[in-house]
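# Could you look at this predicted model? Sequence included:
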Amino acid sequence: MKICRTIEEFRRARSQLDGTVGFVATMGALHEGHLSLMRNARERADHLCVSIFVNPTQFEPGSDYESYPRELESDAEKCRDLGCELIFAPNPEEMYPDGHSTTVHVEGMDDVLCGPQRPGHFDGVATIVTKLLNIVEPDVAVFGRKDYQQLAILRRMVRDLDMPVEIVGAPTVREDDGLAVSSRNRYLDDDERARATCLAEGLAEAWELWNGGERDAEALVQAARDVVLNAADPEAIDYVQAVHPDSLERLDDRPDSTVEDGVVIAMAVHVGEARLIDNLRLDGPLPEELGDYVTG
Ligand code: PAF
């Protein structure tokens, strides 16, 4: 396995790979969620490439860019164990040299969910992922469904810009009690960790209603929100919303909020220092780890 620090070095090594390439973009601090993306990509292609880059342009001022964990050595070990052949780990100056002045903006998909609280975040993501896809030139790139808005925006971007790559959305990896695995879970103390399951519980409640035939988005959202409120103050909830799975159009604030199967219930909740996000697309069985929260 080779670790490349420059675009030129990566391109040279990439050109030696015969066959198809699967790609996983990460910001490092690799956990089981990332590893499952890598296994997924590895199964779909002959070779696996991973990028590790804490992208400054997707952090809002005052957020955790400086303190975001950087663990290249142990991350590289994990990548090697999963059969990764090339790691691209540039520094910020390599990706954003002086005079860098292009931003990729996907119109109309960041005024819901995390968009209003994270101005500029999705432009930062779209820009860095465009650059990474141009550098890595993968056949398939795997992103987690946990960051649902990111996934939907990247799918739209790749479609609109005719980028020759297949985007795959991989299932959210959960702890046994349903908490979605995230780099930010490390900020939770014991009490917060116990309360953090409220997101999973809220989603399970919405799924149970939907499974029982409820198709009113407002009712599904309200039910999920009520469960979260058992563990979190109202001001700790950034949002609980229902959105269309492709366009991300908000569906729970319309006069007639009847929805089709496939609606996505998504939420962001502050628990202690951590801002946690989670979502569930209502169109199939409940993820196994959420089963304990279903009462009916
Ligand atoms: O999901 C992430 O870790 C990041 O947003 C990504 C896709 C690596 C872009 O920096």
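Alright, I've got the coordinates.
# Can you name the residues of the protein sitting close to the ligand?
25-27, 55, 58, 125, 128-129, 147, 150 (C-beta under 6 Å from any ligand atom). C-betas here are computed from N, CA, C, even on glycine.
# what do you get if the cut-off is 8 Å, keeping everything else the same?
Counting by C-beta under 8 Å from any ligand atom, the chain comes close to the ligand at 25-27, 51, 53-55, 58, 124-125, 128-129, 132, 143-144, 147, 150, 154.
# Am I right that Asp278 is in a helix?
No: counting by DSSP: H, G, I helix; E, B strand; the rest coil, Asp278 is not part of a helix but strand.
# quick one: which of the residues of the chain next to the ligand sit in helices?
Under the assignment DSSP state H, those contribute 124-125, 128-129, 132, 150, 154 to helices.
# ok, which pair from those residues is furthest apart?
Spanning the widest gap among these are Leu132 and Gln150, at 13.3 Å by C-beta to C-beta.
# Give me the below-cutoff pLDDT ranges for the stretch 1-150 of the chain.
Judged by pLDDT under 70, the stretch 1-150 of the chain has no weakly predicted residues.
# Which parts of the chain are helices?
Along the chain, the segments classed as helices by DSSP H run 7-14, 32-44, 72-81, 92-95, 121-136, 148-160, 190-195, 198-211, 217-229.
# buried sites along the third one?
Right, helix 72-81. Neighbour-count burial for helix 72-81 flags 75-76, 78-79 (criterion: 16 or more other C-beta atoms under 10 Å).
# can you check the shortest one too?
Residues of helix 92-95 classed as buried by neighbour count (16+ other C-beta under 10 Å): 94-95.
# who touches that helix?
Outside helix 92-95, the residues that touch it by C-beta atoms under 8 Å, 6 or more residues apart in numbering are 5-7, 53, 55-56, 128, 131.
# Using CSV, write out the CA atom coordinates for that helix.
Written as CSV, here are the backbone C-alpha positions of helix 92-95 (Å, rounded to 0.1, in the frame of the first residue of the first chain):
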residue,chain,number,x,y,z
PRO,A,92,-4.5,21.7,2.7
GLU,A,93,-2.0,23.7,0.5
GLU,A,94,-1.9,20.9,-2.1
MET,A,95,-5.7,20.9,-2.4
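# how close does the closest residue to the ligand within the stretch 51-200 of the chain get to Ala126?
The nearest approach of the stretch 51-200 of the chain to the ligand comes at Asn55, 4.0 Å away (C-beta to the nearest ligand atom). Using C-beta to C-beta, to the nearest Å, Asn55 is found at 11 Å from Ala126.
# higher neighbour count, these two?
Between Asn55 and Ala126, Ala126 has the larger neighbour count (other C-beta atoms under 10 Å), namely 25 against 21.
# Quick check: Gln58 touching Gly124?
Yes: using C-beta atoms under 8 Å, Gln58 is in contact with Gly124, at 3.2 Å.
# More neighbours: which of those two?
Gln58 (21 against 18).
# In CSV, list the C-alpha atoms belonging to stretch 67-83.
In CSV, the C-alpha atoms belonging to stretch 67-83 read as follows (Å, rounded to 0.1, in the frame of the first residue of the first chain):
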residue,chain,number,x,y,z
SER,A,67,-9.3,19.9,17.0
TYR,A,68,-10.6,17.3,14.5
PRO,A,69,-8.7,14.1,15.1
ARG,A,70,-5.8,13.4,12.8
GLU,A,71,-4.5,9.8,13.1
LEU,A,72,-2.8,9.1,9.8
GLU,A,73,-0.6,6.2,11.0
SER,A,74,-3.4,4.1,12.6
ASP,A,75,-5.8,5.0,9.8
ALA,A,76,-3.3,3.7,7.3
GLU,A,77,-3.0,0.4,9.2
LYS,A,78,-6.8,0.0,9.0
CYS,A,79,-6.8,0.8,5.3
ARG,A,80,-4.0,-1.7,4.6
ASP,A,81,-5.9,-4.5,6.6
LEU,A,82,-8.8,-4.0,4.2
GLY,A,83,-6.8,-4.3,1.1
